[in-house]
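> Next come a sequence and a model predicted from it.
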Amino acid sequence: MLFLGSLILVALAAMATSLLFRRLGLPGSRVVGGLVVGIVFGPTVLGRIAPEPWAEIMMGGTELRTALQDTERAHAAWQFAAGAVPLSIEEMEFEAERQWLEVLPMKQALRESEERHARPWVILTVMIAVGAAACGGLARRPRRPMASPKDDHQSVGTGVADAAAVGAWAAAVPILGAILTFTMLGNDAFDPTSLVAAAAVGIGAWTLDPIDRRLAGGPNARIELLRAGNVATMLAAGLILAAAWRAQTGWGLVGVALLPLVVPGKATTRRWPVRRIRDVVLLPSLAALAVVRSELFLETSWLLTILLIVIAGDGRWLGWFLGLLFSGFAPDPKSESRDGSPRGVVPGALRRSLAAIDTAGPQLAVAGGAVALGLISPGIALSLVLAAAMLDVTAPFRRRFAASLERPA
């Protein structure tokens, strides 16, 4: 009960910090607030200030861990002393095997104890990830295409094939970038960790923010961007399914990724403040719980984190941009030159690609669910949460640049 109470305290502190950052006008408050609280309550800060109480509350298995550390220190002392005594190779190998057999069951017992202790964290983190995904689905607008003679953005693909092409590009570029990054850093390209991280940075947005809806263009353009985002989400879910099959765990994360696509939100959005619940309650709590067991300095690869930040942001808009261009995107007629030649193709496609990457929430849901279910390590989870926070922090600059592209050349 003490552990569960501590987790609830962490979630409440994340909500309060997020609201404070929001009141101060800081960008990215919904993710950054939870990230800050998770780091403060995690091993990076509180774990260093009070290591033993923190480990007992957050990790469990204190007695087993102490016994294992004492045994490993005794083995290290024997090896140091053996360096001054001439021993045969057979004696050294026999002692090494004996020490290994002594430590192995202790490590297994410690791992099982930590897994039992972590169940409240696993359940609560997955529940919040499911809730955030459900709210993302409830906040969606109706998908029925709208045809109006006043809609001057109707030419961004009006069929399923165009949306599938755009969505495939939108997912493929960041996914391939992430897999290539893990491969360059010495990981297996088809390792569950690589696949889940690639899915997280390639997943589509749950919905379009009101500002992004205006930047996207007319109603049909918005609907097509959401359809393309659904395709990207389904491709990301396919990667998660492959990762779960390889790891033989974490199958439920596929449901977290696909849940927003099947939750109807037309009527519910008018009755419930689902966006506010998602942004003020669920996402800050999820960010905090996803990193509360992660060590910022010892477990996090900064090179990998920087590359994931770049892929999650620039890789996404580049994928959308290429997809829009290669699927036959047509510009706003108002951006044509006097001789009738379209001169707004690139700015128009770039503007809409920047309007479609409000993906901090989906990326956070995948990262939180994956680390709770054991598909990725705490260090990778922290990298993905940092990348999601950077998406939110840079959103005002992205939108300001996209708005500048609306001005006639």
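It's in. Numbers count the residues shown, from 1 in each chain.
> what's the next secondary structure element after the helix or strand containing residue 96?
Taking DSSP states H and E as the definition, residue 96 sits inside helix 89-117. Proceeding N to C from helix 89-117, the next assigned helix or strand is helix 119-138, under DSSP H and E.
> Who are the packing partners of that following helix?
If you count contacts as 3 or more C-beta pairs under 8 Å, 6 or more residues apart in numbering; DSSP states H and E, helix 119-138 packs onto helix 2-23, helix 252-262, helix 274-276, helix 283-291, helix 360-372. Just so you know, the C-beta spots here come from the backbone N, C-alpha and C atoms, and that holds for glycine as well.
> Can you flag the weakest of the ones you listed by average pLDDT?
Looking at the helices and strands packed on helix 119-138, the lowest mean pLDDT belongs to helix 274-276 (a mean of 90).
> For that helix, name the packing helices and strands.
By 3+ C-beta pairs under 8 Å, 6+ apart, helix 274-276 packs against helix 119-138.
> Could you tell me which residues within the helix it packs on count as buried?
121-122, 124-126, 128-138 (16 or more other C-beta atoms under 10 Å).
> Likewise for stretch 292-301?
Within stretch 292-301, the residues that qualify as buried are 292-296, 299-300, counting by 16+ other C-beta under 10 Å.
> Buried residues in the helix holding residue 96, which are they?
Going by neighbour count (16+ other C-beta under 10 Å), the buried part of helix 89-117 is 99, 106, 110, 113-114, 117.
> out of the residues you listed, which one sits closest to residue 348?
residue 114 (52.5 Å; C-beta to C-beta).
> Can you classify residue 205 by secondary structure?
Secondary structure for residue 205, judged by DSSP: H, G, I helix; E, B strand; the rest coil, is coil.
> distance of it from residue 401?
18 Å (C-beta to C-beta, to the nearest Å).
> cool, residue 326 as well?
22 Å.
> ok, now residue 5?
Residue 5 is 45 Å from residue 401, by C-beta to C-beta.
> tilt between whatever helix or strand residue 244 lives in and helix 252-262?
Following DSSP H and E, the helix or strand that holds residue 244 is helix 219-247. With axes from the mean of the first three to the mean of the last three C-alpha atoms, to 10 degrees defining the directions, helix 219-247 sits at 170 degrees from helix 252-262.
> now for helix 219-247, which elements pack on it?
For helix 219-247, the elements it packs on are helix 160-184, helix 192-202, helix 210-216, helix 252-262, helix 360-372, judged by 3+ C-beta pairs under 8 Å, 6+ apart.
> can you redo the ones you listed as CSV with mean neighbour count?
Output for the helices and strands packed on helix 219-247, formatted as CSV (neighbours: other C-beta atoms under 10 Å):
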stretch, mean neighbour count
helix 160-184, 22
helix 192-202, 29
helix 210-216, 18
helix 252-262, 20
helix 360-372, 30
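> Could you tell me the phi and psi values at the residue lying farthest from the centre of the chain?
Most distant residue from the mean C-alpha position of the chain: residue 86, 54.1 Å away (C-alpha atoms, centre = their mean). Backbone torsions of residue 86, given as degrees, to the nearest 10, read phi -70, psi 110.
> Residue 188 now?
The phi/psi pair for residue 188 (degrees, to the nearest 10) is phi -70, psi 130.
> Just list the residues touching it, thanks.
Residues in contact with residue 188 (C-beta atoms under 8 Å, 6 or more residues apart in numbering) are 182, 194.
> The same query, at a cut-off of 7 Å, please.
Counting by C-beta atoms under 7 Å, 6 or more residues apart in numbering, residue 188 makes contact with residue 194.
> related to what we said a few turns ago, who's more crowded, residue 205 and residue 401?
residue 205 (28 against 13; other C-beta atoms under 10 Å).
> Surely the more buried one and residue 354 touch.
No: assessed by C-beta atoms under 7 Å, residue 205 is found out of contact with residue 354, at 11.9 Å.
> picking up where we left off before, from the buried residues of helix 119-138, which single one is nearest residue 319?
Nearest member of the buried residues of helix 119-138 to residue 319, counting by C-beta to C-beta, is residue 136, at 20.0 Å.
> Setting the sequence-adjacent residues aside, check what's closest to that closest one.
residue 206 (2.9 Å; C-beta to C-beta, 6 or more residues apart in numbering).
> Residue 194 now?
Using C-beta to C-beta, 6+ apart, the closest residue to residue 194 is residue 182 (4.0 Å).
> sorry, back to before: is it possible to export the buried residues of helix 89-117 to a markdown table including distance to residue 196 and pLDDT?
As requested, these are exported to a markdown table (distance: C-beta to C-beta, whole Å; pLDDT from 0 to 100):
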| residue | distance to residue 196 | pLDDT |
| --- | --- | --- |
| 99 | 35 | 89 |
| 106 | 30 | 91 |
| 110 | 25 | 90 |
| 113 | 26 | 92 |
| 114 | 21 | 89 |
| 117 | 23 | 93 |
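> Run through the protein and note the low-pLDDT ranges.
Where the chain drops to pLDDT under 70, the residues are 141-159, 265-272, 329-344, 406-409.
> tell me the centre residue of it?
Geometric centre of the chain, nearest residue: residue 363, 2.8 Å, by C-alpha atoms, centre = their mean.
> my read: that one touches residue 386, true?
No: in this structure, residue 363 is not within contact of residue 386 by C-beta under 7 Å, at 10.6 Å.
> coming back round to it: now do the buried residues in the helix holding residue 244.
219-237, 239-244, 246-247.
> before we move on, what about stretch 297-315?
299-300, 304-305, 307-313, 315.
> Quick check: chain neighbours aside, which residue is closest to residue 163?
residue 227 (3.7 Å).
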